[in-house]
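Participant: okay, here's the prediction I keep looking at, along with the sequence it came from:
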Amino acid sequence: AQSVTQLGSHVSVSEGALVLLRCNYSSSVPPYLFWYVQYPNQGLQLLLKYTSAATLVKGINGFEAEFKKSETSFHLTKPSAHMSDAAEYFCAVLEGSGNTGKLIFGQGTTLQVKP
Amino acid sequence: NAGVTQTPKFRVLKTGQSMTLLCAQDMNHEYMYWYRQDPGMGLRLIHYSVGEGTTAKGEVPDGYNVSRLKKQNFLLGLESAAPSQTSVYFCASSYGERPESDTQYFGPGTRLTVL
């Protein structure tokens, strides 16, 4: 069975600092992995996804994530945080064979950006 | 395109009351999903549908029913609301052509309180 663990429910960085949000997964099959972002009082939107092509995936708003099979990780990074990056971030893994598109989400990490 | 819309945005119910949440999408998506979001628990799948006239149970289906009579609409019903169903409910949809890697598009959410 697939599962996702996000390390750290809250992460605080200064504006301009590196953003690192951690995600580890468990999967019995080659995983499909996603990062979604939720801005306050809004629904989720896709940041990026790994679908077994390049291990370094670039997404929107300057974010990227690297798939590391040996570490079962898919950490999200951004070189320089902006105030507008303050949001909740969710890592997700595709469940099962994938023909239903069902996602299993992590608990979420709230990113705070300090001026 | 309006994308994914949800009605209502807010609702307060008393224990035992019933209600229906409506999700509508104008993107001609095949797949639709209902999630609930609770603090510290991420998003959990309630029910989903892989096409008009089909529904299936997700991770937390108890106390909820769904219907997909029209491709563009996905209804979530609470027959007898309980305080444990206080949550934020999100609807999502996806094309379904490549469900393993499709992006899910989320609605803005419905905040439900059960007293």
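Facilitator: Looks like it came in fine.
Participant: now the residue nearest in space to the middle of chain B: which helix or strand?
Facilitator: Residue closest to the mean C-alpha point of chain B, counted by C-alpha atoms, centre = their mean, is B:Trp34 at 2.7 Å. Under the assignment given by DSSP states H and E, the secondary-structure element containing B:Trp34 is strand B:31-37.
Participant: helix or strand right after that strand?
Facilitator: Past strand B:31-37, heading to the C-terminal end, the next element that is a helix or strand (DSSP H and E) is strand B:43-49.
Participant: quick one on the thing from earlier: hey, what's the residue nearest to the centre of chain B bridged with?
Facilitator: B:His47, B:Cys91 (DSSP bridges).
Participant: surely it and B:Leu22 touch.
Facilitator: No - applying C-beta atoms under 8 Å as the test, B:Trp34 and B:Leu22 come out as separate, 11.0 Å apart. C-beta coordinates here come from the backbone N, C-alpha and C atoms, glycine included.
Participant: and the pLDDT for B:Thr15?
Facilitator: Here, the pLDDT recorded for B:Thr15 equals 98.
Participant: quick one: contacts for it?
Facilitator: If a contact means C-beta atoms under 8 Å, 6 or more residues apart in numbering or on different chains, then B:Thr15 has B:81-83, B:114-115 as its contacts.
Participant: at 10 Å instead, please
Facilitator: For B:Thr15, the contacting residues are B:80-83, B:85, B:114-115, by C-beta atoms under 10 Å, 6 or more residues apart in numbering or on different chains.
Participant: buried subset of these?
Facilitator: With burial judged by 16 or more other C-beta atoms under 10 Å in any protein chain shown, the buried subset of the contacts of B:Thr15 is B:81, B:85, B:114.
Participant: out of these, which are inside strands?
Facilitator: When DSSP state E is applied, the buried ones among the contacts of B:Thr15 are split such that B:Val114 fall in strands.
Participant: what's the burial count for A:Tyr39?
Facilitator: Around A:Tyr39 there are 13 other residues, counting by other C-beta atoms under 10 Å in any protein chain shown.
Participant: how close does the closest residue to it other than its chain neighbours get to A:Leu44?
Facilitator: When the adjacent residues along the chain are set aside, A:Tyr39 lies closest to A:Ala87, with 4.8 Å between them (C-beta to C-beta, 6 or more residues apart in numbering or on different chains). Here A:Ala87 is placed at a distance of 10 Å from A:Leu44 (C-beta to C-beta, to the nearest Å).
Participant: likewise A:Thr100?
Facilitator: 18 Å.
Participant: and which of the contacts of B:Thr15 is nearest chain A?
Facilitator: Chain A lies nearest to B:Gln85 out of these, by C-beta to the nearest C-beta, at 18.8 Å.
Participant: for that closest one, what are its contacts?
Facilitator: By C-beta under 10 Å, 6+ apart, the contact list for B:Gln85 reads B:13, B:15, B:19, B:36, B:60, B:62-64, B:78, B:112-114.
Participant: let's go with 8 Å and repeat that
Facilitator: Taking C-beta under 8 Å, 6+ apart as the test, what B:Gln85 contacts is B:36, B:63, B:78, B:112, B:114.
Participant: with pLDDT and distance to B:Leu69 as extra columns, can I get those in TSV?
Facilitator: As requested, these are exported to TSV (pLDDT from 0 to 100; distance: C-beta to C-beta, whole Å):
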residue	pLDDT	distance to B:Leu69
B:Arg36	97	22
B:Gly63	97	21
B:Leu78	97	18
B:Leu112	98	22
B:Val114	98	26
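Participant: dump the residues you listed to TSV, plus distance to chain A.
Facilitator: Rendered in TSV, the data for the contacts of B:Gln85 read as follows (distance: C-beta to the nearest C-beta, whole Å):
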residue	distance to chain A
B:Arg36	11
B:Gly63	20
B:Leu78	20
B:Leu112	15
B:Val114	20
